[in-house]
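1. pasting the structure only:
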């Protein structure tokens with residue numbers, strides 16, 4: 001009996017020991033992220049994980065390699081920033097394009113994925129070094145090519161953040177002036193759509209901005225003076241249906257961006273009721289012997305093979321009353337400007353025989369007289385008597401006493417004669 005009981009106990013002990021034997025013999029599994037399998041995971045090696053870029057943007061490149069490549073697997077890249085474009089991945093390179101930064105410092109993440117592995121590249125871009133001005137007000141004027149006696153239509157307008165009041169400037173306000181010339185005009189006097197290039201030589205050609213009258217300034221915090229002035233060396237303006245964007249390079253090397261959205265209508269200042277700029281009721285006979293002469297030399301302002309002279313003659317230089325003559329001459333530079341001049345007929349300046357030794361016909365530029373004119377002054381201002389000189393001839397004679405004589409045999413735009421002799425000298 002004892003033997004049977006002893007055998008049963010030994011059997012039970014053996015049964016209890018079996019699970020421990022099995023557990024002790026079980027092999028330890030390799031986890032997905034541990035042991036030898038971890039050594040075989042892919043790895044993305046990058047030439048850099050932080051990119052610092054200038055505000056100008058451009059195309060950039062990062063090189064990379066993949067360790068433990070997987071079959072049929074490729075590297076992918078994504079970026080949420082809209083200023084990162086055209087991401088392209090080749091066997092060794094990641095290229096992407098960065099837009100110009102026109103605002104403050106900015107940063108984004110370029111996310112890279114390969115199989116289950118991810119990496120990140122931090123992309124930073126410097127802030128815009130210049131002026132980015134958003135205008136809210138447009139005001140301006142239109143002058144037809146016919147009223148200017150020119151080959152292009154003129155749109156002279158201002159983009160600002162305050163209404164123009166020269167007597168009471170708004171403190172901290174900013175203004176940019178544009179002298180734009182277009183081949184065509186619009187019926188509703190909106191600024192024509194197109195691209196206009198800054199012209200530092202001020203040739204008033206269609207498709208350009210006259211550099212001499214395209215500029216900007218900012219009023220100080222007291223409204224008493226300029227805080228800053230903006231003069232340009234190059235740039236362009238793009239006019240769209242309801243917007244204007246201008247990009248200039250300042251004379252100090254910094255960039256200027258000016259943008260505007262809204263109505264593009266300006267005021268028509270071209271003569272409507274009057275057919276002519278001339279207000280004369282008949283012919284004018286001149287005979288002035290002792291006028292003040294002012295002769296200003298502008299060199300090759302219009303063409304490289306002419307000398308540009310602007311001549312002004314005043315009958316009464318002290319009170320600025322009486323007859324006033326303005327002549328703009330294009331002289332042969334091979335000698336003095338005591339020559340015979342005829343009216344310039346072709347503003348394209350393509351044929352030297354047609355523009356050498358000519359005078360530029362009178363016209364209005366932004367409401368101001370330009371070219372050659374006859375007028376009568378009262379207290380320094382032109383009274384109602386004025387006429388553009390548009391035809392005929394002008395002889396210039398240098399006298400032995402240093403004075404100069406001008407013999408006019410001319411006409412205005414209404415056909416009135418403007419003729420006679422003027423004698424003047426610098427005083």
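-> Yes, it's here. Since this is a predicted model, take the numbers as computed values, not measurements.
2. The residue nearest to residue 416 when sequence neighbours are not counted: neighbour count?
-> Excluding the flanking residues, the one nearest residue 416 by C-beta to C-beta, 6 or more residues apart in numbering is residue 280, at 4.7 Å. C-beta: built from backbone N, CA, C; applies to glycine. By other C-beta atoms under 10 Å, 19 other residues sit near residue 280.
3. list the contacts for residue 280?
-> If a contact means C-beta atoms under 8 Å, 6 or more residues apart in numbering, then residue 280 has 385-387, 412, 414, 416 as its contacts.
4. Of the residues you listed, which pair is most distant in space?
-> The span of the contacts of residue 280, defined through C-beta to C-beta, is set by 385 and 414 at 12.8 Å.
5. just to revisit the earlier point, separation between the residue nearest to residue 416 and residue 421?
-> Residue 280 sits at a distance of 19 Å from residue 421 (criterion: C-beta to C-beta, to the nearest Å).
6. Please work out which helix or strand belonging to this structure has the smallest mean pLDDT.
-> Using mean pLDDT, DSSP states H and E, the weakest-scoring helix or strand in the chain turns out to be helix 2-25, at a mean of 45.
7. Please identify the buried residues of stretch 360-375?
-> Of the residues in stretch 360-375, 360-366, 369-375 count as buried by neighbour count, 16 or more other C-beta atoms under 10 Å.
8. Where is pLDDT lowest across those residues?
-> Lowest pLDDT of the buried residues of stretch 360-375: residue 366, 77.
9. what residues are up against the nearest residue to that one once chain neighbours are set aside?
-> Nearest residue to residue 366, sequence neighbours excluded (C-beta to C-beta, 6+ apart): residue 156, at 4.5 Å. Going by C-beta under 8 Å, 6+ apart, residue 156 touches 140-143, 177-180, 213, 266, 366.
10. give me the element residue 156 is part of.
-> Residue 156 belongs to strand 153-160 when assigned by DSSP states H and E.
11. For that strand, which strands pair with it and how are they oriented?
-> strand 137-143 (antiparallel), strand 174-182 (antiparallel) (DSSP bridges).
12. winner for burial among those?
-> Most buried of these, by mean neighbour count (mean count of other C-beta atoms under 10 Å): strand 174-182, with a mean of 23.
13. ok, for residue 157, nearest residue in space, not its chain neighbours?
-> That would be residue 140: by C-beta to C-beta, 6+ apart, it lies 2.5 Å from residue 157.
14. where does the stretch 1-150 of the chain dip in pLDDT?
-> 1-39 (pLDDT under 70).
15. all helices for it, in order.
-> 2-25, 35-39, 145-148 (DSSP state H, counting those that start in this stretch).
16. all helices for the stretch 301-427 of the chain, in order.
-> With helices called from DSSP H, counting those that start in this stretch, the stretch 301-427 of the chain shows them at 352-355.
17. Distance-wise, check the closest residue to residue 362 other than its chain neighbours relative to residue 190.
-> Spatial nearest neighbour of residue 362, excluding adjacent residues (C-beta to C-beta, 6+ apart): residue 388 at 2.6 Å. Separation of residue 388 from residue 190 (C-beta to C-beta) stands at 28 Å.
18. The two: which is more packed in?
-> Comparing residue 388 with residue 190 by other C-beta under 10 Å, the one with more neighbours is residue 388, at 27 against 17.
19. what's near enough to touch the more buried one?
-> Applying C-beta under 8 Å, 6+ apart, the residues near residue 388 are 149, 277-278, 361-363, 369, 371-373, 412-413.
20. who does it bridge with?
-> Applying DSSP bridges, one finds that residue 388 bridges with residue 373.
21. Which pLDDT value goes with it?
-> pLDDT for residue 388: 96.
22. again with the one 4 residues further on
-> Model confidence at residue 392, given as pLDDT, is 97.
23. which residues touch it?
-> The contact partners of residue 392, taken as C-beta under 8 Å, 6+ apart, are 342-343, 408-411, 418-419.
24. Taking these, please make a ChimeraX selection of just the buried ones.
-> Buried residues among the contacts of residue 392 (16+ other C-beta under 10 Å), as a ChimeraX selection:
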select :343,408,410,411,418,419
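25. ok, the contacts of residue 392 vs residue 325, which is closest?
-> Using C-beta to C-beta, the contacts of residue 392 come closest to residue 325 at residue 408, 8.0 Å.
26. I'd like to know how far that closest one sits from residue 420.
-> Distance from residue 408 to residue 420, by C-beta to C-beta: 6 Å.
27. Can you tell me the closest non-neighbouring residue to residue 212?
-> residue 202 (4.1 Å).
28. out of the buried residues of stretch 360-375, which are inside strands?
-> 363-365, 369-370, 373-375 (DSSP state E).
29. what's the farthest-apart pair in those residues?
-> 365 and 374 (17.1 Å).
30. quick one on the thing from earlier: shared neighbours of residue 408 and residue 420, which are they?
-> In contact with both residue 408 and residue 420: residue 286, using C-beta under 8 Å, 6+ apart.
31. Return the distance of residue 409 relative to residue 260.
-> Taken as C-beta to C-beta, the span from residue 409 to residue 260 is 49 Å.
32. Please disregard the earlier target; I meant residue 334.
-> 48 Å.
33. Equivalent analysis for residue 114, please.
-> 47 Å.
34. Repeat that for residue 282.
-> Per C-beta to C-beta, residue 282 is found 47 Å from residue 260.
35. out of these two, which sits in the more crowded spot?
-> Using other C-beta under 10 Å, the more surrounded residue of residue 282 and residue 260 is residue 260, with 22 against 7.
36. list the contacts for residue 247?
-> 235-237, 255-258.
37. Are any of the residues you listed buried, and if so which?
-> 235, 237, 255-258.
38. which of the residues you listed lies closest to residue 93?
-> Among those, and counting by C-beta to C-beta, the member closest to residue 93 is residue 255, at 30.3 Å.
39. isn't the closest one right up against residue 234?
-> No - using C-beta atoms under 8 Å, residue 255 is not in contact with residue 234, being 10.5 Å away.
40. Widest-spaced pair of the contacts of residue 247?
-> So, those by C-beta to C-beta: farthest apart are 237 and 255, at 14.2 Å.
41. how near is the residue lying closest to residue 348 once chain neighbours are set aside to residue 344?
-> Distance criterion C-beta to C-beta, 6+ apart; nearest residue to residue 348, sequence neighbours excluded, is residue 151 at 6.9 Å. Applying C-beta to C-beta, the value for residue 151 to residue 344 is 11 Å.
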